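Colleague: this one's structure only:
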């Protein structure tokens, strides 16, 4: 049986978190999986953590991980990833902009790929967020080559073993690029799947904050050089061993 950790990061999602957990649980119970749900409360200042903790025992196989203080989107994901104990990790935001039923669409490729990443077939976000996303995807493709048309789509599935080779440093929006580019550079296969994107009906997003965007571009350049150094170091470690074959 396939085992799966479903990681849901949440920051100030009081109006959404209970519904997100109910939706995730409803979908997972219909699939033939050994699963757990990990809700990461990323230092929320509202009742997000309180609501999530109150659902332990109500939602089967639910665990709540607390970040205090807030560590950002990447920090929330990393906390969930490193708490995960199953062979596969899926993650999706708690804002209810993705239909968790489509987890089955991602899982359908688990026997043919190491990372299955969604892309927003229709983008329900405001115009400026779509423009920012287009520019970011373009820069990522220039630096790392094509991996997916929507690098920061928040609904993905990957083998947990990838974390043994790919180091995730970013606490911000760079974390998706670190995961995919690091995996691609080490020969892991990536497949992309179209997903329906729903408009946010409650709460507010922090992704378009200017500071968040500037920090992401800074981290992107740093990561490009770090990945180059990591791959060179890995090649140096392999070469001596190959001499004795």
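Modeller: Yes, it's here. Since this is a predicted model, take the numbers as computed values, not measurements.
Colleague: I'd like the mean pLDDT over stretch 210-221, please.
Modeller: What stretch 210-221 shows for mean pLDDT is 78.
Colleague: so for it, what gets flagged as buried?
Modeller: Residues 213, 215, 216, 219, 220 are the ones in stretch 210-221 that count as buried (16 or more other C-beta atoms under 10 Å). C-beta: built from backbone N, CA, C; applies to glycine.
Colleague: then stretch 9-27?
Modeller: 9-18, 20-21, 23-25, 27.
Colleague: now do the same end-to-end measure for that stretch.
Modeller: 18 Å (C-alpha to C-alpha, to the nearest Å).
Colleague: ok, stretch 38-57 next?
Modeller: Taking C-alpha to C-alpha, stretch 38-57 runs 13 Å from one end to the other.
Colleague: show residues contacting it.
Modeller: Residues from elsewhere that reach stretch 38-57 (C-beta atoms under 8 Å, 6 or more residues apart in numbering): 5-14, 17-18, 21, 62-73, 75-77, 79-80, 83-84, 94.
Colleague: surely residue 101 is within a helix?
Modeller: Yes - under DSSP: H, G, I helix; E, B strand; the rest coil, residue 101 sits within a helix.
Colleague: from the contacts of stretch 38-57, list just the buried residues.
Modeller: 5-14, 17-18, 21, 62-65, 67, 70-73, 75-77, 79-80, 84, 94.
Colleague: among those, name the ones in strands.
Modeller: Mapping the buried ones among the contacts of stretch 38-57 onto strands (DSSP state E) picks out 5, 6, 7, 8, 9, 10, 62, 63, 64, 65, 67.
Colleague: now do the helix or strand residue 131 falls within: distance to the chain's middle.
Modeller: Per DSSP states H and E, residue 131 falls inside helix 127-144. From the chain centre to the centre of helix 127-144 is a distance of 17 Å (C-alpha atoms, centre = their mean, to the nearest Å).
Colleague: quick one, helices of the protein?
Modeller: For the chain, applying DSSP state H gives helices covering 17-28, 48-54, 72-83, 103-107, 127-144, 175-185, 210-242.
Colleague: what ranges of this protein fall below the confidence cut-off?
Modeller: 124-125, 200-209, 239-245 (pLDDT under 70).
Colleague: coming back round to it: select, out of the helices of the chain, the one closest to residue 193.
Modeller: Among the helices of the chain, helix 103-107 comes nearest to residue 193, with 5.3 Å by C-beta to C-beta.
Colleague: and that closest one, what does it pack against?
Modeller: Judged by 3 or more C-beta pairs under 8 Å, 6 or more residues apart in numbering; DSSP states H and E, helix 103-107 is in contact with strand 2-10, helix 17-28, strand 115-120, strand 156-159, strand 190-195.
Colleague: format the ones you listed as JSON lines; extra columns: distance to residue 173.
Modeller: Formatted as JSON lines, the helices and strands packed on helix 103-107 follow (distance: least, C-beta to C-beta, whole Å):
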{"stretch": "strand 2-10", "distance to residue 173": "12"}
{"stretch": "helix 17-28", "distance to residue 173": "20"}
{"stretch": "strand 115-120", "distance to residue 173": "15"}
{"stretch": "strand 156-159", "distance to residue 173": "14"}
{"stretch": "strand 190-195", "distance to residue 173": "19"}
